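Enquirer: Quick one, fold the following:
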Amino acid sequence: IVLWAACEKNETAASETPQTIHPEDLYAKTAFNLDMRDFAMAVNEAVNSNKELKKLIHEEAMNQFDGDYDVLITNIANRRISQDEAEMQTRSSKLRSVSSFTVADLLDDAFETAIEKSNDNSDFSPRKRYAKMRAVSSTASLVGELTEKYPELQVSVPVHLEDLEEPEYVPPVTFVTSEAYEGTSDVLVAYQGIEIDTLGRKTPPSKAVIVVGLNERFPLEEENENGEKPSKPTLSGIKTESSIRLIWSIADPDNVNYYYLYKNGVPLALISASSEKIYEDTDLEALAYYTYFIVAYNSFGQVSSESVTVQAPAKPNPVKKFEAILQSKNEVELRWDNDHSQYIASTKLYKRFLGRDNDYKLYKEYSDDKHNDFDRDMNGGDRIFYKITHNSNMGESNGMYDFVYVPYRNILETSPVVLDKISYSWHDSGLNDDIEGWFQGKPEFQIKVLTVDSKGGTAVVFDKKVYATATGQFSCNNLKLHNWLPSNYRWYDVLTFKVIEADPGFGSLKITVDAKINSKSGTDSLGGNMGLAATYTSPEIKFGSSGDDMGIPEYYTYFDPINYVLEFSNFNFKMYLK
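Expert: Got it, this is the predicted structure:
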């Protein structure tokens with residue numbers, strides 16, 4: 001739009017300069033205006049993507065239920081309409097595979113599509129308003145929210161209704177702002193497909209236009225005959241668990257045509273006189289203070305109440321307790337205790353796969369009475385971090401965290417650990433030593449494997465000598481080292497391996513190795529550092545008179561792959577497990 005800047009009296013027309021104004025800047029960003037805008041965007045997207053909706057609006061408007069070409073949304077929200085195969089491709093995955101759905105479903109889907117097409121990322125954008133609505137509940141509906149807030153919400157076709165009978169004509173959609181209702185603005189913003197334009201309030205358009213607004217006929221009381229403006233309304237506000245509740249009264253309710261509720265000096269809602277005199281404000285920041293007043297209007301004037309200031313409620317507390325319990329190879333049981341001392345709209349569970357996800361992703365959302373679930377979406381080797389939060393319209397609580405490390409083995413069955421083969425180098429330049437003298441033949445390896453018993457003490461599960469049958473690499477003929485079946489409380493067991501090349505006959509040889517224990521501990525937050533915390537006892541190796549050490553102990557956890565290679569620090573010594 002190009003507007004002309006005003007001129008001083010001594011300026012000529014030639015000195016006028018054009019000023020470009022975007023249509024979206026032509027109305028105040030009040031809750032009422034933004035609600036009407038969002039709904040107009042949904043209707044615009046819907047009529048452009050579904051022929052049946054335009055036909056339904058035409059048919060319902062022809063009925064003139066209130067003597068005008070108006071269609072109450074509550075009268076058509078649950079009406080079923082169809083779509084053809086071409087229209088299916090424009091839908092979200094939820095509606096793409098169905099041939100019919102309700103008008104409310106279509107409008108909600110259309111609003112999501114309109115958001116995706118929008119480039120507006122301002123604080124008043126549909127995207128951010130929708131995200132705030134979904135923060136309360138993932139099943140929140142634009143149509144449901146607005147029809148509850150504005151029972152008189154409607155679409156109308158005040159002029160040229162017959163144009164809707166033209167098969168190829170898709171009408172623009174405009175919405176009535178509070179400024180237009182009050183007569184302080186002469187411009188209406190209109191959407192037509194991806195285009196945004198304006199309409200003059202005083203000049204009727206030449207073709208049919210769908211108008212989003214409030215029905216002016218049946219909800220409003222008849223105009224009073226006393227010739228007096230309303231009495232002064234009384235307003236009070238209280239903080240609830242999830243809103244600020246505003247309640248008002250007036251001595252002469254029959255002398256009121258409508259009310260205007262203001263929030264921090266900005267219009268919040270236009271309310272018909274016949275509506276219940278209660279308003280729940282949920283568009284709040286936690287613990288912020290808000291000041292309200294209400295104005296009663298009729299044809300003879302307006303009267304304002306005194307102001308009231310109320311503090312918004314706090315965001316919810318986190319869940320009291322949360323744990324993720326691995327119950328089988330591919331099943332995690334999730335348990336939590338909700339904090340019912342407060343209002344909870346929902347509980348949200350997030351997942352993050354270590355090494356795959358940069359952030360937590362919403363996995364499921366639960367009602368406030370749900371306290372457990374099972375997760376089976378995982379594979380062996382996955383490290384999964386969970387975060388759980390309480391949610392209300394005031395925001396999201398701090399998270400509680402837990403994690404699991406998914407094993408490759410079936411934790412309900414005994415699983416063998418088998419030594420397939422061994423490889424080594426005869427000489428280690430770092431040690432300046434040979435693994436065995438040439439005259440002594442092939443080496444003999446003493447292998448000691450330790451774990452932790454049910455009482456927390458060190459247990460030796462394998463302690464035998466393995467004789468090399470070839471130089472450099474040899475088969476161990478599937479030598480079973482251990483049958484592994486951790487208890488429910490010790491899934492984080494570790495096998496500790498210590499190997500030396502033993503030369504008996506020159507004194508005693510003693511090996512002492514302390515086992516390693518992994519424990520599940522720690523908490524996670526975004527950007528935090530959490531994993532399987534390891535608790536160690538210091539490895540202590542004691543030798544007798546002879547023997548070459550293959551290096552510091554190696555460890556094999558229950559969560560390592562079944563086919564695994566242990567690589568020791570000396571003589572390039574490797575054990576191939578399977």
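
Enquirer: next one: stretch 417-428 to chain centre, how far?
Expert: The chain centroid and the centroid of stretch 417-428 are separated by 50 Å, computed with CA atoms, centre = their mean, to the nearest Å.

Enquirer: Please give me every residue in contact with the closest residue in space to residue 350 that isn't next to it in sequence.
Expert: Setting aside the residues directly before and after it, residue 350 is nearest to residue 360 in space (CB to CB, 6 or more residues apart in numbering), at 3.7 Å. (Glycine included, C-beta is placed from N, CA and C.) Residue 360 makes contact with 350, 351, 352, 385, 387, 526, according to CB atoms under 8 Å, 6 or more residues apart in numbering.

Enquirer: Throw the residues you listed into TSV and include distance to residue 566, thanks.
Expert: Output for these, formatted as TSV (distance: CB to CB, whole Å):
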residue	distance to residue 566
350	36
351	32
352	30
385	28
387	35
526	35
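
Enquirer: Tell me the buried residues within the residues you listed.
Expert: 350, 351, 352, 385, 387 (16 or more other CB atoms under 10 Å).

Enquirer: Just confirm the first one contacts residue 365, I think it does.
Expert: Right, the one you point to is residue 350. No - if you go by CB atoms under 8 Å, residue 350 and residue 365 don't touch, sitting 10.1 Å apart.

Enquirer: So in this protein, which helix runs the longest?
Expert: helix 31-49 (DSSP state H).

Enquirer: Let me see the mean pLDDT of that one.
Expert: Over the span of helix 31-49, the pLDDT mean works out to 92.

Enquirer: List the buried residues for that helix?
Expert: By neighbour count on 16+ other CB under 10 Å, the buried set for helix 31-49 is 31-49.

Enquirer: sorry, back to before: nearest to residue 376 among the buried ones among the contacts of residue 360?
Expert: Of all the buried ones among the contacts of residue 360, the one with the least separation from residue 376 (CB to CB) is residue 351, at 12.2 Å.

Enquirer: That closest one: which element?
Expert: Element membership of residue 351, judged by DSSP states H and E, is strand 346-353.

Enquirer: could you say what helices and strands that strand packs with?
Expert: Other helices and strands packing on strand 346-353, by 3 or more CB pairs under 8 Å, 6 or more residues apart in numbering; DSSP states H and E, are strand 361-366, strand 383-392.

Enquirer: Buried residues in the first one, which are they?
Expert: In terms of neighbour count (16+ other CB under 10 Å), strand 361-366 has its buried residues at 363, 364, 365, 366.

Enquirer: Provide the strand pairings for it, with the direction of each partner.
Expert: strand 346-353 (antiparallel) (DSSP bridges).

Enquirer: The last one now?
Expert: For strand 383-392, the pairing partners within the sheet under DSSP bridges are strand 346-353 (antiparallel), strand 395-396 (antiparallel), strand 400-405 (antiparallel).

Enquirer: Report the distance from that strand to the chain centre.
Expert: Taking CA atoms, centre = their mean, one finds strand 383-392 lying 10 Å from the centre of the chain it belongs to.
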